[in-house]
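Engineer: 3D, please:
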Amino acid sequence: MLNELLPKLIVWIPAILLAVTFHEWAHGFVAHLFGDPTPKRAGRLTLNPWPHLDFTWSFLIPVILLVVSLSTTGQPFVFGGAKPVPINPSYFRASWRLPMFLIAIAGAGMNLLLALLAAFSLAGALHLPAFFGIPLQYFFLAFIQMNVFLAVFNLFPLLPLDGGRAIAALLPEGLGKLYGRLEPLGLPLLVLLMFSGVLGQVIHPVVNHLFRFYLGVIGGS
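Structural biologist: The predicted structure follows:
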């Protein structure tokens, strides 16, 4: 089992770190564009993965889930997260709604852009000698999958995910506050939806469609 898993981890760990790092950086960068110095002061306007990682959500929980899933079902199941980028809306030079909406979707937008760049890079790797090209092909395929998954997952309309924050920014003030009060229930509900399979039934068709779209970009290039 370990012999089969190790090569996958060698490919997937860099893909995950890069996708998550650019995702979090994008949140902070858009907030910075709107005049909020908080992400920069917190050291989050960096492409160094370490400041974006959280011990519990980025290491402990994924390892526990991986061990438990492999020992019970034989199939790897991993879920985790990064440290939220601190945002202070009081610095925004405009109404807080547009900045908060754009900040919320910035991470997913960055992931979709990275997936597109990885698709073109994969097309180039197909023409390299096998010794170099095949490892690069595996990496770019994993990178496309990871970025597509991160984008779709984070846009799921449930707080504390980015999709929930985007909806909260669009709702009228009263409904937005009411929706925000539901955030403490969001994480337990998210875990329930994941382990019940409902979340997968919703997001996997979208992930698969987008993945095929990016592979189609290769075929048309």
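Engineer: Would you mind identifying the next helix or strand past the longest helix anywhere in the chain?
Structural biologist: For the chain, the helix reaching the highest residue count under DSSP state H is reported as helix 2-33. Next along the chain after helix 2-33, taking DSSP states H and E as the criterion, comes helix 38-41.
Engineer: so how far is that following helix from its chain's centroid?
Structural biologist: Its chain's C-alpha centre and that of helix 38-41 lie 21 Å apart, by CA atoms, centre = their mean, to the nearest Å.
Engineer: on contacts alone, who are the packing partners of it?
Structural biologist: Judged by 3 or more CB pairs under 8 Å, 6 or more residues apart in numbering; DSSP states H and E, helix 38-41 is in contact with helix 2-33. In short, each C-beta sits where N, CA and C put it, glycine included.
Engineer: Quick one: distance of the helix or strand that residue 150 is a member of to the chain centre.
Structural biologist: In this assignment (DSSP H and E), residue 150 forms part of helix 130-154. Mean-position distance between helix 130-154 and its chain equals 13 Å (CA atoms, centre = their mean).
Engineer: Check stretch 212-219 too.
Structural biologist: The answer for stretch 212-219 is 20 Å, by CA atoms, centre = their mean.
Engineer: can you list contacts of it?
Structural biologist: 115-116, 118-120, 122-123, 126, 144, 148 (CB atoms under 8 Å, 6 or more residues apart in numbering).
Engineer: what about this structure, any weak spots by pLDDT?
Structural biologist: For the chain, applying pLDDT under 70 flags the ranges 1-7, 65-66, 68-70, 73-80, 220-221.
Engineer: 90 - rerun?
Structural biologist: When residues are selected by pLDDT under 90, those of the chain lie in 1-17, 53-84, 93-96, 126-133, 135, 160, 172-184, 186-188, 190-200, 217-221.
Engineer: Greatest separation within the contacts of stretch 212-219: which pair is it?
Structural biologist: Farthest pair in the contacts of stretch 212-219 (CB to CB) is 126 and 148. Separation: 19.3 Å.
Engineer: Name the nearest residue to residue 206, sequence neighbours excluded.
Structural biologist: Distances taken as CB to CB, 6 or more residues apart in numbering place residue 152 nearest to residue 206, at 5.0 Å, with adjacent residues excluded.
Engineer: Contact partners for that neighbour?
Structural biologist: So residue 152 contacts 108, 203, 206-207, 210 (CB under 8 Å, 6+ apart).
Engineer: Which of those are buried, as a PyMOL select command?
Structural biologist: In PyMOL syntax, the buried subset of the contacts of residue 152 is picked out as below (16 or more other CB atoms under 10 Å):
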select buried, resi 108+203+206+207+210
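Engineer: could you give the angle of the helix holding residue 150 to helix 2-33?
Structural biologist: Our comparison of helix 130-154 with helix 2-33, counting by axes from the mean of the first three to the mean of the last three CA atoms, to 10 degrees, yields an angle of 60 degrees.
Engineer: Show me what counts as buried in helix 130-154.
Structural biologist: 137-154.
Engineer: Just the CA atoms of the helix or strand following that helix, as PDB, please.
Structural biologist: Next along the chain after helix 130-154, taking DSSP H and E as the criterion, comes helix 162-170. This file holds the C-alpha atoms of helix 162-170, laid out as PDB (Å, rounded to 0.1, in the frame of the first residue of the first chain):
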ATOM      1  CA  ASP A 162     -15.500  31.400   0.000                       C
ATOM      2  CA  GLY A 163     -18.800  30.800  -1.700                       C
ATOM      3  CA  GLY A 164     -20.600  31.500   1.500                       C
ATOM      4  CA  ARG A 165     -18.600  34.700   2.000                       C
ATOM      5  CA  ALA A 166     -19.400  35.800  -1.600                       C
ATOM      6  CA  ILE A 167     -23.100  35.200  -1.000                       C
ATOM      7  CA  ALA A 168     -23.000  37.100   2.400                       C
ATOM      8  CA  ALA A 169     -21.500  40.100   0.500                       C
ATOM      9  CA  LEU A 170     -24.300  40.100  -2.000                       C
END
